[in-house]
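**Student:** what would the 3D arrangement of this be:
(2 chains)
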2 protein chains.
Amino acid sequence: MSRAATNLQIDSARLWGTIHDTAQFGATPKGGVRRLTLSAEDKQVRDWFRKACEEAGLEVHVDALGSMFGLRKGRDMSKPPIGVGSHLDTQPTGGKYDGILGTLAALEMVRTLNDAGIETELPICICNWTNEEGSRFAPAMMASAAYVGDFTTDDILSRKDAEGVTVAQALDSIGYRGDAPVGRQKFTSFVELHIEQGPILEAENKTIGVVDSGQGVLWYDGKITGFESHAGSTPMPLRRDALATLSEIVLAMESIAKKHGPKAVGTIGEAVIAAPSRNVIPGEIAFTVDCRSADAAIMDALDRDLRAAIAEIAARRKVDVKLDLVWRKAPTHFDPRLVDAVENAATQLGYSHRRITSGAGHDACNLNTVMPAAMVFVPCKDGISHNELEDATQADCAAGANVLMHTVLALAGVAS
Amino acid sequence: MSRAATNLQIDSARLWGTIHDTAQFGATPKGGVRRLTLSAEDKQVRDWFRKACEEAGLEVHVDALGSMFGLRKGRDMSKPPIGVGSHLDTQPTGGKYDGILGTLAALEMVRTLNDAGIETELPICICNWTNEEGSRFAPAMMASAAYVGDFTTDDILSRKDAEGVTVAQALDSIGYRGDAPVGRQKFTSFVELHIEQGPILEAENKTIGVVDSGQGVLWYDGKITGFESHAGSTPMPLRRDALATLSEIVLAMESIAKKHGPKAVGTIGEAVIAAPSRNVIPGEIAFTVDCRSADAAIMDALDRDLRAAIAEIAARRKVDVKLDLVWRKAPTHFDPRLVDAVENAATQLGYSHRRITSGAGHDACNLNTVMPAAMVFVPCKDGISHNELEDATQADCAAGANVLMHTVLALAGVAS
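**Tutor:** Have a look, this model is predicted:
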C-alpha cells in the first residue's frame, strides 16, 4: 500500500456532520430519530443518500426490496466489489447511530478515497439494507435475509405492517421498488461498522471491537399453570403460586447463564399474570425466554439446563410449566481472514481493541452465511441503543470509520 | 333450654333448596352467580328475600345504604336483637355460597324456630348487608363499615362504579334506598356463617371452623427501577434486571411468611413490566404486596423483614425499589364469649371442629369493633371461592346452619 493510503484518515468533522445533518429526517424532540423503514422520513434520507452517492461518483441502483447499492469502480472489474454498509432505518424511538454510523461511514470512506485520488484494485459497493430493524415489518434484517435466500422476494413483498400496508405497497409509495433482482449484486466480501449496543467496550475502555462472532439465539414461549386462590385464606404450604414459580425460573435462568458465562446470556423479558389482583395468588403466567451464545455447544447446554431446572421447580411446586422453543438461530462465526483484517487495521491505526461477540443480530450476520463477512464495533454510551438516549463520541465514530476504511483497503487492494 | 330446642335441627333440604333456587338470580353458564351489588339481579334476590322474611313473620326494614333487616320478636323487647346474617351480592364471576349461605341459613333458622314454635328471650334480626364484595363499588364491606362509623353515609352514597353511577343512584334505581339511618338498628351481638374460602377445614377433614380471629392486612404498592437494556448484548454481570429483582422479592416474601407461619401469609398478586419485549431486559416493574396475620406483632415483623430483605436485594443488584404501605387493617379478635358459644354448639351437635382464623375480611369483622361478634365457617371444595367453581356440600351447609342456630339460641335464650 502506498504511504498516502497507509496514513489515510477519514474526515472526522465531515462524518460527524453527515450523521447530525441526516438525523433531521425523523428527528424526535428527545434528540433521537423515528425513521421507520419505507416511511416518508425513510424516503427523505434515502433521497439524500442517493444524491450524496451520485455526487461522490457512485453508480447507484436499487433492488426489488429497496436495498440501495452505490458502486465505486476498481481497476479490476472482473471481480465483485467489497460490500460496505449497514442500514438507515431506525426503531420507533431510535437513536442517531444504530445502522446510520455504518452506512454514512461507508460514504465518508468513498469521499476520503476520492479526495486522496486513491483507486482500489477491486470495486467497492456501499449499501443501505432495507428494514434491518423489523419494527414496521417482520422479520428484522428482512432484505439481507432475502438476499441470502432465507425468504423469497415475493414472500417479503407480501409482509404487512400493523396498518395492513404490504412491503410492496410501501416500496411503491416512496418510489423505492427497484428493478434489480434481490441477490443479483454480488460481493467478494462484506464489512459492517456498527455501535456495540452493549456496555463491554466502554467498561473496558476499548475503542474498537473486532467482531469475531455473533450469538445464536433460542426463543421460547412459556406458560405456568398453578392455582389461583385467596391471598388471605390460603396457607403458605398449600399454595401453587405461578409467580413464585416464575421467580424461581427467572433466577435459575440467571444462574445457568452465569454458569456458562461469559459466553452466554439468558433473559426473561415478558411475563404476564392472567387476571392479576392484589389479593389473589397468581394462578397463570405467560412468559418468554431469550437465551444466546456464540457457541453452539453452550446453546445446547443452556437449553438442557433450563429444561431440567424448570422440570425440578414445577414438580416441587406442583404446578404445570410448558416451554416451547419458537425460534432457533445458529451462531455466526465471521470469516477469520476478514476478522484478522479488521484487527490489523485497528492495530496499525493504534486504537485499543479487543475481540468481541455481537450480542444482537446484524445484516452482516446474514451475509456471512454466503460470503466472507466481518464487523467493526465502536462503544456507545452506557451500552444504550434502541433508545433516543443512544450516544457515541465523534472520536470513536471516526476511529471506527478509519478501521472500516483500512479493512476495506486491505481487502480491495490499492492500485499502485 | 327445652329438650325440643336442644335437639332442634334446621331443614337441610329446605336450606339447600333456597340456595339453589336463588342462584337463578344472576346464574352464569358455568354454574356460578354474577350478582353485582345493587344490580337488577341483586334487586331480584332482595325482592325474594324480603318476601321470604315477611312470609316468615319478620318485620323488614331497609337502611339508607340498602342493608336489609328482618326482625323476629323476642319475649324481652327491651334489649337489642341478636344479629345474624351475611350478604347476597357476589363477585362478577362468583359462586353460590359466598355470603349467600350465611344469609339464607339465618332465614332457615327463623323458619325452623317458627315450625318448632320456639320463642326466644331476646329478639333476633336477620341481615343482608349491602356490597360486601366491593366489586362494583369500593370499598368492600361498605355498609358494615359505615354502620360502625368508618365512613359517613354521604361519603358511601357518593362512591361511583366504573360507569360513573353513584351508590345513591344505584340504590334509587332498584328502590332499595331505605328510610332508616345507618346504624340505628342496634344489636346485642352478631353471628355470621360463611364458607371458609380456604383449604384448611377440608384438608383436616373438619366440619366446623370456630372463627376466633380475622387477619390484619398490610397492602403495599411497590416499584422497581433497574435498567432496560438489550437481552443479547448486555453481559450477565452488568445487568440491572428489574424482573430478577422482583423474583428475589417474591421468594423473600414467601420465605418470610413461612418463617412467621402458620400465622402469616404474604403474596405478590400483581406485577407489571413496563414496555415488555422478548429481547429487552426488564427495566421497570410495578407490583403489589398483601401480607396478613391475626397477630399484630407478627404483622410488624412481616413489615420489618420485608423491608430489610428488599433493601439488601436492591443494594446488591444496584436497582431502586420503592415500597409504600397503602393500607393497614388491624387484626380482628372475636369476642371470647361468643367464640365459646360457637364452639359449644359445634360440640353439642357432635360436629368435628377446630379454631380457625379468617383469612378474608367479613362484615362480622367490622361489626366486632362495636359489638361482640363471632363467625362459623364450613369447608368449601379445594378452598375455592370468588369463582364460579365454588362448591360446598349440603351436609356441611346444614351443619353450619345448625351451629349458627344453636349459637343464636344460646345468645338469645329460649323462653321456657
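**Student:** what segments of the stretch 301-416 of chain A are strands?
**Tutor:** Ranges of strands in the stretch 301-416 of chain A, per DSSP state E, counting those that start in this stretch, are A:320-329, A:332-333, A:353-358, A:373-378.
**Student:** chain B: which of these is closest?
**Tutor:** Of all those, it is strand A:353-358 that lies closest to chain B, at 7.3 Å by C-beta to the nearest C-beta. C-beta here means a position set from N, CA and C on the backbone, and glycine is covered the same way.
**Student:** that closest one near chain B at all?
**Tutor:** Yes. Legend: contact between strand A:353-358 and chain B by C-beta under 8 Å from any C-beta of the partner chain is shown at A:Ser358.
**Student:** any buried residues in that strand, and which?
**Tutor:** Going by neighbour count (16 or more other C-beta atoms under 10 Å in any protein chain shown), the buried part of strand A:353-358 is A:His353, A:Ile356, A:Thr357, A:Ser358.
**Student:** quick check, central residue of chain A?
**Tutor:** A:His362 (3.3 Å; C-alpha atoms, centre = their mean).
**Student:** does it really touch A:Met141, like I thought?
**Tutor:** Yes. When contacts are counted by C-beta atoms under 8 Å, A:His362 is listed as touching A:Met141 (7.2 Å).
**Student:** overlap in contacts, the two.
**Tutor:** Residues touching both A:His362 and A:Met141 by C-beta atoms under 8 Å, 6 or more residues apart in numbering or on different chains: A:Glu132.
**Student:** before we move on, the earlier item: so which of the strands of the stretch 301-416 of chain A gets nearest B:Gly175?
**Tutor:** With distances scored as C-beta to C-beta, the stretch of these nearest to B:Gly175 is strand A:320-329 (48.5 Å).
**Student:** and the closest one, which strands flank it?
**Tutor:** When sheet partners are counted by DSSP bridges, strand A:320-329 sits next to strand A:216-225 (antiparallel).
**Student:** residues in contact with the strand it pairs with: which ones?
**Tutor:** Contacts of strand A:216-225 (C-beta under 8 Å, 6+ apart): A:242, A:245-246, A:249, A:283-294, A:296, A:299, A:302-303, A:306, A:310, A:314, A:319-332, A:361, B:232, B:278.
**Student:** pLDDT of that strand, averaged?
**Tutor:** Across strand A:216-225, pLDDT averages out at 96.
**Student:** got any ranges where chain A has weak pLDDT?
**Tutor:** A:1-4 (pLDDT under 70).
**Student:** how is it divided into domains?
**Tutor:** According to automatic domain parsing, chain A comprises the domains A:3-214+A:331-412, A:216-329.
**Student:** phi and psi next, for A:Ser189.
**Tutor:** phi -160, psi 170 (degrees, to the nearest 10).
**Student:** kindly report the residues of the stretch 51-200 of chain A close to chain B.
**Tutor:** Contacts of the stretch 51-200 of chain A with chain B, taken as C-beta under 8 Å from any C-beta, map to A:Glu196, A:Gln197, A:Gly198, A:Pro199, A:Ile200.
**Student:** closest residue of the stretch 301-416 of chain A to chain B?
**Tutor:** For the stretch 301-416 of chain A, C-beta to the nearest C-beta, closest residue to chain B: A:Gly359, 2.8 Å.
**Student:** ugh, wrong one, I meant the stretch 51-200 of chain A
**Tutor:** A:Gly198 (3.1 Å).
**Student:** still on that earlier bit, count the neighbours of the residue of the stretch 301-416 of chain A closest to chain B for me.
**Tutor:** Using other C-beta atoms under 10 Å in any protein chain shown, the number of residues around A:Gly359 comes to 24.
**Student:** give the contact list for the closest residue to it other than its chain neighbours.
**Tutor:** Closest residue to A:Gly359 apart from its sequence neighbours, by C-beta to C-beta, 6 or more residues apart in numbering or on different chains: B:Ser233 at 2.8 Å. Residues near B:Ser233 by C-beta under 8 Å, 6+ apart: A:Glu196, A:Gln197, A:Gly198, A:Pro199, A:Ser358, A:Gly359, A:Ala360, A:Gly383, A:Ser385.
**Student:** what do you get for A:Ser277?
**Tutor:** Counted by C-beta under 8 Å, 6+ apart, A:Ser277 has contacts B:Gly269, B:Glu270.
**Student:** how about it, phi and psi?
**Tutor:** Taking degrees, to the nearest 10, you get phi -150, psi 140 for the backbone angles of A:Ser277.
**Student:** also the one 10 residues further on?
**Tutor:** With angles defined as degrees, to the nearest 10, A:Phe287 shows backbone torsions of phi -150, psi 160.
**Student:** same thing with the one 10 residues further on?
**Tutor:** A:Ala297 has phi and psi values of phi -70, psi -40 when expressed as degrees, to the nearest 10.
**Student:** what do you get for A:Thr37?
**Tutor:** phi -60, psi 140.
**Student:** tally of neighbours for it?
**Tutor:** Here the number of neighbours of A:Thr37 (other C-beta under 10 Å) works out to 28.
**Student:** wait, it sits on A:Asn128?
**Tutor:** No. Using C-beta under 8 Å, A:Thr37 is not in contact with A:Asn128, being 10.6 Å away.
**Student:** so what's the nearest residue to A:Gly175 once chain neighbours are set aside up against?
**Tutor:** In this structure, A:Gly175 finds its nearest non-sequential neighbour in A:Lys43, 7.3 Å apart by C-beta to C-beta, 6+ apart. When contacts are counted by C-beta under 8 Å, 6+ apart, A:Lys43 touches A:Ile174, A:Gly175, A:Tyr176.
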